[in-house]
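> Take a look and give me a structure for this.
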Amino acid sequence: MFIDTHCHLSYEDYDDIDLVIKENCKANVEKIIISGCSKEWISESLKLADLYDDVYVTLGYHPSEVDVVTDEMLNDLKKQLKNKKVVGLGEIGLDYYYGKDNKEKQLELFEKQLKIAEAMNLKVVIHSRDATEDTINCLKKYNVSGVIHCFSGSVETAKIYVAMGYKLGIGGVVTFKNSKLFEVVQAVGLENIVLETDAPYLAPTPFRGQKNSSKFIPIIAEEIGKILNKSVQEVASVTTNNAYELFDLR
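Coordinates of the predicted model:
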């Protein structure tokens, strides 16, 4: 059995949520964790988690939301994080891909949410794009741990995160022809990896460019198995256990 530790499930992206859940079950994906990372997605994610037993959520404000997040919204987030289906705070972090014009605002929002996670003893799901140094420096200030979502950095960076107690979220990118993620997977091993899709984005080969879905998790597991010379069953067992322990899934 598999767990998709990071996806975005919404009625905007999928016409039939019931069908998505059924297809996940057929693919032996027993649980999924939706990332609600905007005001609208947080509300919808909680509703979906209430509807489906095997759907869990992480909630938090993505750095792209920095210009709209208010202190009132963060106070509301604290209340929403107490929901029994919430297993972490995220995805939160830093994104300098389009520039650093709002860097200070991003850092402020990131640290406010890290403080919440520390106070509530919640795992964090970290988004870091072109912001590795600042991300690491911020995380070092707080007694938190969790997942580095959609990890795409160097082996050196991977080892830093692992030494800090983080798991690496590995998704469809590992199947891409020119991806160097195989080096990271080899360096950190199964014990430091959780599987994710980031659906509806980043579908694995041979579905690259199409809408992603949690049902493709076995494809990611198969690729990781090839890299490590492990069976798909072992990849499933270890990564699922990692997810259960990390997120305290009930």
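> could you point out where this structure is predicted with low confidence?
Applying pLDDT under 70 to the predicted model, the residue ranges of the chain that meet it are 250.
> where do the helices sit along it?
In order along the chain, the chain carries the following helices (DSSP state H): 17-26, 39-51, 71-80, 103-120, 132-139, 155-163, 181-188, 217-228, 232-247.
> Would you mind reformatting the ones you listed (as a markdown table) and adding columns for distance to residue 59 and mean neighbour count while you're at it?
(C-beta placed from N, C-alpha, C; glycine too.) What follows is these, written out as a markdown table (distance: least, CB to CB, whole Å; neighbours: other CB atoms under 10 Å):
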| stretch | distance to residue 59 | mean neighbour count |
| --- | --- | --- |
| helix 17-26 | 18 | 15 |
| helix 39-51 | 5 | 18 |
| helix 71-80 | 6 | 13 |
| helix 103-120 | 10 | 17 |
| helix 132-139 | 19 | 18 |
| helix 155-163 | 22 | 17 |
| helix 181-188 | 27 | 18 |
| helix 217-228 | 22 | 20 |
| helix 232-247 | 13 | 19 |
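> now those helices as a markdown table including distance to residue 11?
Supplementary listing: the helices of the chain in a markdown table, determined by distance: least, CB to CB, whole Å:
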| stretch | distance to residue 11 |
| --- | --- |
| helix 17-26 | 7 |
| helix 39-51 | 7 |
| helix 71-80 | 19 |
| helix 103-120 | 26 |
| helix 132-139 | 32 |
| helix 155-163 | 34 |
| helix 181-188 | 31 |
| helix 217-228 | 22 |
| helix 232-247 | 24 |
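> Between helix 39-51 and the longest strand belonging to the chain, find me the angle.
Longest strand in the chain, counting residues (DSSP state E): strand 86-95. Put simply, strand 86-95 runs at 160 degrees to helix 39-51, going by axes from the mean of the first three to the mean of the last three CA atoms, to 10 degrees.
> quick one: strand 86-95 to helix 232-247, angle?
Using the same axes, to 10 degrees, strand 86-95 lies at 90 degrees relative to helix 232-247.
> Which other helices and strands does strand 86-95 contact?
Packed against strand 86-95, as judged by 3 or more CB pairs under 8 Å, 6 or more residues apart in numbering; DSSP states H and E, are the following elements: strand 29-36, strand 55-59, helix 103-120, strand 124-129, helix 132-139, strand 146-148.
> now do 7 Å
For strand 86-95, the helices and strands in contact under the criterion 3 or more CB pairs under 7 Å, 6 or more residues apart in numbering; DSSP states H and E are strand 29-36, strand 55-59, helix 103-120, strand 124-129, helix 132-139.
> picking up where we left off before, out of the helices of the chain, the one nearest residue 92 is which?
Residue 92 lies closest to helix 103-120 among these, at 4.6 Å (CB to CB).
> Restricting to C-alpha, output that closest one in CSV.
Once non-C-alpha atoms are left out, helix 103-120 reads as follows in CSV (Å, rounded to 0.1, in the frame of the first residue of the first chain):
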residue,chain,number,x,y,z
LYS,A,103,11.5,38.7,0.2
GLU,A,104,11.1,40.3,3.6
LYS,A,105,7.3,39.8,3.6
GLN,A,106,7.8,36.1,2.6
LEU,A,107,10.3,35.7,5.5
GLU,A,108,7.9,37.2,7.9
LEU,A,109,5.0,35.0,6.9
PHE,A,110,7.2,31.9,6.9
GLU,A,111,8.4,32.6,10.4
LYS,A,112,5.0,33.4,11.7
GLN,A,113,3.8,30.0,10.5
LEU,A,114,6.8,28.2,11.8
LYS,A,115,6.1,29.7,15.3
ILE,A,116,2.5,28.3,15.0
ALA,A,117,3.8,24.9,14.1
GLU,A,118,6.3,24.9,17.0
ALA,A,119,3.7,26.0,19.5
MET,A,120,1.1,23.4,18.3
